[in-house]
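Colleague: Please work out how this folds:
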Amino acid sequence: MNVSFDQVPEDLWVFGYGSLIWRPGFDYLDRLPANIIGMHRSLCVYSFDHRGTPERPGLVLGLDFGGACRGIAYRVAAKQRAATIAYLREREQTTAVYRELVRGVWLEGKPDRRVDALCYAVDRGHPQYAGRLSHDRQLQIVRQGHGRSGNNLDYVVETAKALEALNIIDHDLHMLAERLKGAPDARA
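Modeller: Down below sits the predicted model:
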């Protein structure tokens with residue numbers, strides 16, 4: 001009997017690296033610091049929905065290939081597995097810019113422990129993949145972005161604040177957040 005990924009009768013692990021850290025939107029049993037190897041957090045996705053529009057895109061984080069990333073792993077009860085996956089697909093896949101993957105992540109502890117976790121990695125072949133942009137270009141895009149989940153400036157600042165609270169250093173994101181604080185909103 002084949003069982004779909006959504007229906008596996010065991011707890012689900014979800015890896016968060018951006019807004020899932022400060023606004024997961026689903027119930028969980030555990031929230032633990034975790035690391036993923038072979039992927040890194042990058043402000044590399046044009047947002048046409050949550051933090052921008054096709055005419056005035058925002059810029060959001062993607063889990064891109066190469067490097068490593070510290071984030072949060074959530075353990076979701078098996079009975080909430082299908083509902084959580086459905087929620088994440090609705091939230092993360094509005095424009096299909098992310099690839100839904102299951103990857104090994106390392107839960108921080110003594111000793112560290114490896115679990116398989118659901119994560120959303122950027123699709124580099126998607127038209128919304130921005131790649132590596134200069135800080136000035138990122139600043140320009142973030143200042144103008146506003147979508148159904150709010151303005152892009154708040155997204156960047158809140159994510160940087162959440163990372164700081166976890167003692168996660170993301171120099172590029174923190175530098176951008178500092179430049180954005182007090183910046184005028186381009187929609188005004």
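
Colleague: Do a quick rundown of the strands in this protein.
Modeller: 12-16, 30-47, 58-76, 98-107, 113-122, 146-147, 150-151 (DSSP state E).

Colleague: Against which helices or strands is the longest one packed?
Modeller: So the one you mean is strand 58-76. Applying 3 or more Cβ pairs under 8 Å, 6 or more residues apart in numbering; DSSP states H and E, one finds that strand 58-76 contacts strand 12-16, helix 19-22, strand 30-47, strand 98-107, strand 113-122, helix 135-144, helix 152-165. Just so you know, the C-beta spots here come from the backbone N, C-alpha and C atoms, and that holds for glycine as well.

Colleague: burial of L163, as a residue count?
Modeller: 22 (other Cβ atoms under 10 Å).

Colleague: do the same with K110
Modeller: By the criterion of other Cβ under 10 Å, K110 has 5 neighbours.

Colleague: same deal with E10?
Modeller: Neighbour number of E10 under other Cβ under 10 Å is 8.

Colleague: Next: L61.
Modeller: Look at L61: counted by other Cβ under 10 Å, it has 24 neighbours.

Colleague: quick one, phi psi at the nearest residue to it once chain neighbours are set aside?
Modeller: By the measure of Cβ to Cβ, 6 or more residues apart in numbering, the closest residue to L61 outside its immediate chain neighbours is G18, 3.7 Å from it. Backbone torsions for G18, taken as degrees, to the nearest 10, come to phi -130, psi -120.

Colleague: tell me, how many neighbours does G18 end up with?
Modeller: By the criterion of other Cβ under 10 Å, G18 has 25 neighbours.
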